[in-house]
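S.K.: what would the 3D arrangement of this be:
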Amino acid sequence: MMVWGFLGMCIAMAMIIFKSGVPAFLEAVGSCEKGTLAAIFKASELTWGKLSIAFAVSVLMNTIFAPVMMTFHKCTDIHILDNGGTVRGLLRPMKMREIFREKINWDVQWNVVFKKTIPLFWFPAHTITFILPPTFQVLFAALLGVALGLILALAGGSKK
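M.R.: Okay, the predicted model is just below:
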């Protein structure tokens, strides 16, 4: 619970950073007047411009931040399992070298998590997230995580 809370705060922080930073970056490299894209993105009505910016935010956040967060998430999951899910286990240092070298299945991490779930699920899912009103974005992102977990569990069960 504590690890998921921490990861949730990191995701909320990343959403704020990327929602502000991507429109600013696009303005800096484009020919838009400063604040134009931010205004389009913050507007309540759905336009192609807002949808395009939301997609850009989603792609950049999920390309830059998501692989690091997902790998750290996997490391914390392994650490929790290795320590029996106890609160005391939170106080034990994570054996990162051992986890990276021996316990993460990099074939699954790369070929499923990074190459499939990020572009096929998270890019479109977070595009929808970023067109929602800000008060619903973190909640919707959390629900998406649950939805993806169910999809992966069902897909994994059907292969057996």
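S.K.: residues in contact with the most centrally placed residue in the chain?
M.R.: Centrality entry for the chain: nearest residue to the mean C-alpha point is residue 66, 4.6 Å, by C-alpha atoms, centre = their mean. Shown in contact with residue 66 (C-beta atoms under 8 Å, 6 or more residues apart in numbering): 118, 122. All C-beta atoms are positioned from the backbone trio N, CA, C, and that covers glycine.
S.K.: against residue 14, how distant is it?
M.R.: Going from residue 66 to residue 14 by C-beta to C-beta, to the nearest Å gives 8 Å.
S.K.: next: residue 148.
M.R.: Look at residue 148 and residue 14: by C-beta to C-beta, they are 17 Å apart.
S.K.: the more surrounded of the two?
M.R.: Each of residue 148 and residue 14 has its neighbours counted (other C-beta atoms under 10 Å); residue 14 has more, 19 against 14.
S.K.: I'd assumed residue 65 was in contact with the more buried one.
M.R.: Yes: assessed by C-beta atoms under 8 Å, residue 14 is found in contact with residue 65 at 4.7 Å.
S.K.: so what's the residue count around residue 58?
M.R.: Around residue 58 there are 24 residues (other C-beta under 10 Å).
S.K.: that one sits in which helix or strand?
M.R.: Residue 58 belongs to helix 48-64 when assigned by DSSP states H and E.
S.K.: immediately after that helix, which helix or strand?
M.R.: Sequence-wise, the next helix or strand downstream of helix 48-64 (DSSP H and E) is helix 66-82.
S.K.: state the phi and psi torsions of residue 30.
M.R.: With angles defined as degrees, to the nearest 10, residue 30 sits at phi -100, psi -160.
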